Every structure is written in structure tokens, then in C-alpha cells.
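In: coords please:
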Amino acid sequence: MKTLENTDREDDVSAGAEGADTETDVGARVFVGSDAGASLIADVVIVAAGRGTRAGDGPAKQYRKIAGKPLLARSIEAAAASQSVGRVLVVISPGAEAEYGAAITDLSARAASKLLPPAHGGAERAASVLAGLEALIAHRPPARVLIHDAARPFASATLFDRVTAALEHTPGACAALRVVDALRREDDEGRCGDMVPRDGLWRAQTPQGFEFDVILAAHREANRAKAVDDAEIATQSGAPVLLIEGEIENFKVTTPEDFARAERLARWRDGMAIGKRTVVGQGFDVHAFGPGDHLMLCGVRVPHDKGFTAHSDGDVALHALCDAIYGALAEGDIGRRFPPSGPQWKGASSDIFLADARDLTAKKGGEINNIDLTILCEKPKITPHSEAMRVRIAEVLQIPKGRVSVKATTTERLGFPGREEGIAAMATASISLPLEGAE
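Out: Okay, the predicted model is just below:
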């Protein structure tokens with residue numbers, strides 16, 4: 001990325017970063033770099049003393065889980081992943097020790113090794129930051145410090161590196177994004193008002209980095225109640241703060257909608273980090289009616305005036321689902337693993353076949369993300385039994401019921417289902433598999 005201001009340029013910040021765009025505009029408002037080296041080291045203060053009331057009911061947002069891991073833990077690990085970060089200190093609210101302890105239980109070894117004991121924050125963010133800075137003094141004051149919001153768990157290690165590297169040229173640096181959307185004022189009636197020029201407008205993010213003595217003195221002396229962030233406190237004291245190109249994914253988790261977005265992003269990132277690939281399979285099966293007084297569908301006994309003509313119990317829905325799972329695993333179909341010529345499968349429960357598909361998935365290191373099953377028939381009615389069907393499939397597959405969808409439709413009296421000669425079923429299965437061994 002090239003510099004955003006046309007001023008005299010210094011040498012690249014990171015020595016040996018061959019081919020990296022690390023040009024800097026010293027004296028300008030913008031410093032843009034990537035792949036910065038770790039020639040400078042900074043400690044990090046993570047502010048986690050708020051309640052996050054806009055996040056809705058529940059625990060303080062920093063302790064809520066995103067894809068199975070507390071938001072705060074993700075923010076700590078994000079900072080600790082940077083080669084430019086020395087130590088990490090978290091500021092928590094008084095009385096939150098138990099929540100904090102639970103949140104850091106499963107930190108990565110790298111993050112745990114950099115973590116200092118927490119400090120207690122104040123009633124406002126700026127007071128909490130000052131408490132964190134004062135606490136660092138007791139642990140040997142650093143030359144540089146980065147201040148980061150716990151509610152930004154997706155900042156990359158590279159961003160921490162870039163903000164730290166900028167402190168070689170300036171006493172302050174602030175991650176930020178240029179405003180690219182059109183801006184309008186709202187009139188008194190909620191309609192579009194005047195356009196607001198976006199030239200020179202940036203959206204501030206964290207981390208924000210500073211020379212430690214500069215930001216400590218600024219916080220001790222500032223009118224903190226009116227400051228919106230640490231960059232403002234620094235500039236009020238007369239210290240220049242450069243803008244560093246931030247990251248779109250480094251958004252602040254604030255509302256329930258933000259949590260939903262964070263959940264999606266975390267699941268995608270976690271899957272990439274552990275080397276997962278997603279595979280999808282489809283299955284289809286049909287069975288004709290014969291004499292009987294019930295049908296087995298999705299492992300549930302459904303009363304009917306007919307039965308299935310089949311070698312096993314004829315559970316057409318589970319057969320389609322098995323084929324979907326086997327297909328996703330590239331393992332053929334149910335007939336290959338359980339030949340209809342085998343006498344041992346005469347009248348067998350189709351739960352056995354689905355359990356085999358489950359075990360084969362586990363053997364390959366896979367996880368069933370979700371399944372979607374559609375039953376095509378005129379009769380019997382499926383809806384009254386669909387919930388029991390979801391429960392049974394979830395039990396056999398050993399997955400949450402929320403990953404199982406069962407629905408039904410007719411064929412508008414067309415074809416053999418429309419003539420009530422039998423039932424068809426089709427299924428789709430999504431599975432996460434390790435990348436290792438993928439051909």
C-alpha cells in the first residue's frame with residue numbers, strides 16, 4: 001500500500017521486508033505500512049472494564065463467547081500474537097475477577113506467557129486506561145504502550161506491528177479507516193439533509209500506540225470526561241498522533257447484530273486456522289409401499305395403512321441422509337457398505353446405517369455442520385412428526401438438534417408419490433473435514 005500523503009518519505013520501517021509496502025509519511029497525518037518488523041516492542045493495555053449495555057441482556061459483553069471462546073480471550077490472543085507486543089495487561093471492573101478468570105482459562109500458551117495480573121478500572125473508559133497505565137509502572141514501565149478495546153477481537157498481529165513501528169517516528173499513532181461512504185446530515189423530519197464532505201474523515205479504531213511517558217502524562221493531566229479516545233487525550237496535550245491504516249475486520253462488537261457478525265467471522269477464521277475444509281453431499285432414495293400398518297421415517301414409527309417394501313426397515317429418509325453423508329466423505333453410497341443382498345440386514349433398523357455414517361465422519365476427523373432432509377409424499381402427514389424426527393436424527397448423529405432440518409412436500413399428485421405408491425426423500429449434508437490428506 002502506498003503512502004496517502006504526498007510529502008517527503010523516510011526509509012522503510014521494517015528492515016528486510018523485501019517487497020513489502022512500508023513507506024512512511026513522516027510529518028504527514030498518515031503512516032501506512034505492512035509486514036513491519038519487531039525492532040520496537042510495546043506493552044498492551046486492553047480495556048475491559050465496561051458493561052456493554054447496548055449488547056443486550058446477559059453478561060458483560062467482553063465475557064460472552066464468540067464461537068465458543070470469550071470475546072476478551074480472543075482480544076488477548078490477538079494482541080499476544082504480534083511479535084511487537086511484549087506484555088499484555090487487562091483492565092477489568094472491580095468484582096469481575098471470577099468472570100475474568102473463567103475467560104482466560106484456555107488462553108494459548110503464547111498469550112498466557114505475556115499476560116500480567118489485571119488492574120481494576122474506573123467508572124469511565126479514560127479512568128480505566130489511566131489505571132492500566134499506572135499498573136504498568138509497578139511491573140517496570142515500558143517505553144511504548146498500545147491501548148486496545150477488548151471489544152475489537154479481530155485486530156490482526158500485523159496491525160499491532162504497524163502501530164508499534166510507527167512509534168519510531170511519532171509519539172502517537174492511531175489505527176483508523178478512511179470514510180468511504182457518502183455522508184448526509186438528517187433534517188428535523190428524518191429526511192436526507194446536506195451532504196457532509198468526507199475528504200479527510202477517518203473512523204478511529206484501536207490499537208492506538210504512544211510513547212509511554214507521553215500518554216501517561218496526558219492522561220494524568222487531561223479533562224478525560226470529554227475525550228472520546230486516547231488519541232484525543234494525546235492531541236489535547238500537544239502530542240502529534242499519526243493515522244495508521246486500519247482493518248475492516250477490526251470492528252467494535254457493540255450490538256447483538258455485531259455479535260452475530262463476529263460469530264460468523266470467528267467460525268470462519270477458526271476453521272481456517274485449524275485447517276478445515278467444508279464438503280457437501282447429496283442423497284436421494286425411494287421406497288414403494290407394501291402391506292403394513294406403519295412406516296419408519298427418520299427413525300420414528302409413523303402410523304399408516306401401508307408399510308414399506310424393503311430389505312431393511314425401509315426408512316427412505318435415513319437412507320437418503322446416509323447417502324448424503326457418504327457422498328460428502330467420497331465414500332460411495334449405502335448400498336456399497338450395506339448390500340441389500342446381505343441377509344444380516346434383513347429388517348435391520350436404519351439407525352445402524354446412520355450411526356455408521358456418523359462414525360465414518362468421526363474417523364476422518366470430520367464434524368457434521370448441518371443436514372437438510374426433504375420427504376416427498378402425499379400421505380402420511382409429516383409435520384406432526386417432524387420434531388420427533390429432528391430429535392431422533394440428532395441423537396443418532398450426536399449433534400445439536402439445531403443442525404437438523406426435516407421438512408416435507410407433496411408432488412401435486414404427480415408421479416408415484418402423487419399416486420400414493422411410495423415415498424421419496426432427498427438430503428443434503430455439510431461436513432467440516434481436516435485439510436490433511438485432501439486430494
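
In: Any idea which helix or strand in this structure has the lowest mean pLDDT?
Out: For the chain, counting by mean pLDDT, DSSP states H and E, strand 30-31 ranks last in confidence among helices and strands (a mean of 47).

In: same for the helix or strand following that strand, what does it pack against?
Out: Heading C-terminal from strand 30-31, the first helix or strand you meet, by DSSP states H and E, is strand 42-48. In terms of contacts (3 or more C-beta pairs under 8 Å, 6 or more residues apart in numbering; DSSP states H and E), strand 42-48 is packed against helix 71-80, strand 85-92, helix 125-138, strand 144-149. Every residue, glycine included, has its C-beta placed from N, CA and C.

In: Dump strand 42-48 to PDB, keeping only the CA atoms.
Out: Output of strand 42-48 as PDB, limited to C-alpha atoms (Å, rounded to 0.1, in the frame of the first residue of the first chain):
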ATOM      1  CA  ALA A  42       5.400  -2.300  23.200                       C
ATOM      2  CA  ASP A  43       3.200  -3.400  26.000                       C
ATOM      3  CA  VAL A  44      -0.600  -3.500  25.500                       C
ATOM      4  CA  VAL A  45      -3.300  -2.300  27.800                       C
ATOM      5  CA  ILE A  46      -6.700  -3.900  27.000                       C
ATOM      6  CA  VAL A  47      -9.600  -2.000  28.300                       C
ATOM      7  CA  ALA A  48     -12.300  -4.400  29.500                       C
END
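
In: and the longest helix belonging to the chain, how far out from the chain's middle?
Out: Criterion DSSP state H: the longest helix present in the chain is helix 256-273. Per C-alpha atoms, centre = their mean, to the nearest Å, the displacement of helix 256-273 from the mean C-alpha position of its chain is 2 Å.

In: what do you get for stretch 249-267?
Out: Centroid separation for stretch 249-267 versus its chain: 7 Å, with C-alpha atoms, centre = their mean.

In: Give the buried residues for it.
Out: Asn250, Phe251, Lys252, Val253, Asp258, Phe259, Arg261, Ala262, Leu265, Ala266, Arg267 (16 or more other C-beta atoms under 10 Å).

In: Same question for stretch 131-141.
Out: Ala131, Gly132, Leu133, Ala135, Leu136.

In: what about it, average pLDDT?
Out: What stretch 131-141 shows for mean pLDDT is 95.

In: For the longest strand anywhere in the chain, the averaged confidence score.
Out: The single longest strand within the chain, with elements called by DSSP state E, is strand 276-290. Here strand 276-290 scores 91 as its mean pLDDT.

In: Measure how far it is from the centre of its chain, please.
Out: How far strand 276-290 lies from its chain's middle: 29 Å, per C-alpha atoms, centre = their mean.

In: Restricting to C-alpha, output the next helix-or-strand element following it in PDB.
Out: Heading C-terminal from strand 276-290, the first helix or strand you meet, by DSSP H and E, is strand 294-297. What follows is strand 294-297, C-alpha atoms only, in PDB (Å, rounded to 0.1, in the frame of the first residue of the first chain):
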ATOM      1  CA  HIS A 294     -46.700 -48.200   9.900                       C
ATOM      2  CA  LEU A 295     -43.700 -46.500   8.200                       C
ATOM      3  CA  MET A 296     -40.300 -45.900   9.700                       C
ATOM      4  CA  LEU A 297     -39.200 -42.300   8.800                       C
END
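
In: so what strands line up beside strand 294-297?
Out: Counting by DSSP bridges, the strands paired with strand 294-297 are strand 300-303 (antiparallel).

In: Which positions in the partner strand come out as buried?
Out: The neighbour-count check on strand 300-303 (16+ other C-beta under 10 Å) flags Val300, Val302 as buried.

In: what does stretch 352-364 give?
Out: Under the neighbour-count criterion of 16+ other C-beta under 10 Å, stretch 352-364 has Phe353, Leu354, Asp356, Ala357, Arg358, Leu360, Thr361, Lys364 buried.

In: Now for the residue nearest to Glu168 when sequence neighbours are not counted: which residues touch it?
Out: Excluding the flanking residues, the one nearest Glu168 by C-beta to C-beta, 6 or more residues apart in numbering is Leu40, at 5.9 Å. Contacts for Leu40 (C-beta atoms under 8 Å, 6 or more residues apart in numbering) come out as Ser84, Arg144, Thr164, Ala165, Leu167, Glu168.

In: Out of those residues, who's the most crowded?
Out: Neighbour counts for these, by other C-beta atoms under 10 Å, peak at Thr164, which reaches 30 neighbours.

In: What distance do you get for that one to Arg140?
Out: Here Thr164 is placed at a distance of 18 Å from Arg140 (C-beta to C-beta, to the nearest Å).

In: just to revisit the earlier point, what is the mean pLDDT for the longest helix of the chain?
Out: Averaging pLDDT along helix 256-273 yields 84.

In: Enumerate every residue touching Asp270.
Out: Contacts of Asp270 were listed using C-beta under 8 Å, 6+ apart, and they are Ala67.

In: Determine which residue lies closest to the centroid of this protein.
Out: Closest to where the C-alpha atoms of the chain average out (C-alpha atoms, centre = their mean) is Ala266, at 1.4 Å.

In: Spatially nearest residue to it, not counting backbone neighbours?
Out: Distances taken as C-beta to C-beta, 6+ apart put Ala67 closest to Ala266, at 3.8 Å, once the chain neighbours are dropped.

In: Settle this for me: that neighbour is touching Arg261, isn't it.
Out: No. Counting by C-beta atoms under 8 Å, Ala67 sits too far from Arg261 to count as a contact (11.8 Å).

In: That concludes my questions; thank you for your assistance.
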